[in-house]
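Asks: sequence and predicted structure below; questions after.
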Amino acid sequence: MSQIFESDSETASDAVVCRCLNVTHSTISDCVNLYGAESHQEVRSLCGAGDGCMGCRSRIKQLIAQYQSDRSEARS
């Protein structure tokens, strides 16, 4: 998995991605990997992340891309 976090503590599943709504890394992962979210809009619809100040949207987009890449590599 590529490193998209600034520190090891940010890779923890309980690390908060969306501070406004207190949405964690594992929740975003579930939205993508379990529920098939493919955009930040779909993640927002599922869990609310990115619906506050919108400061986390670029981070959510990075995570979506990473999860999709990881899933593609796993299929190969």
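Replies: That came in fine, so what should we check first?
Asks: which positions within the lowest-mean-pLDDT helix or strand in the chain qualify as buried?
Replies: Every helix and strand of the chain was ranked by mean pLDDT, DSSP states H and E. The lowest is helix 57-75, at a mean of 89. Across helix 57-75, burial judged by 16 or more other Cβ atoms under 10 Å covers 57, 59-60, 63-64, 66-67. C-beta coordinates here come from the backbone N, C-alpha and C atoms, glycine included.
Asks: the helix or strand harbouring Ser26 - what's its average pLDDT?
Replies: For Ser26, the host element (DSSP states H and E) is helix 25-33. Helix 25-33 shows a mean pLDDT of 94.
Asks: tell me what angle that helix forms with helix 57-75.
Replies: Angle, helix 25-33 to helix 57-75, by axes from the mean of the first three to the mean of the last three Cα atoms, to 10 degrees: 60 degrees.
Asks: if you count neighbours, what's buried in helix 25-33?
Replies: Neighbour-count burial for helix 25-33 flags 25, 27-32 (criterion: 16+ other Cβ under 10 Å).
Asks: give the next helix or strand downstream of that helix.
Replies: Taking DSSP H and E, what comes next after helix 25-33 is helix 40-47.
Asks: and the contacts of that following helix?
Replies: 21, 23, 27-28, 30-32, 35-37, 49-51, 57, 60-61, 64 (Cβ atoms under 8 Å, 6 or more residues apart in numbering).
Asks: how close does Trp14 sit to Val43?
Replies: Not Trp; residue 14 is Asp. Counting by Cβ to Cβ, to the nearest Å, the gap from Asp14 to Val43 is 17 Å.
Asks: ok, those two, which is more surrounded?
Replies: Taking neighbours as other Cβ atoms under 10 Å, Asp14 and Val43 compare with Val43 leading, 29 against 9.
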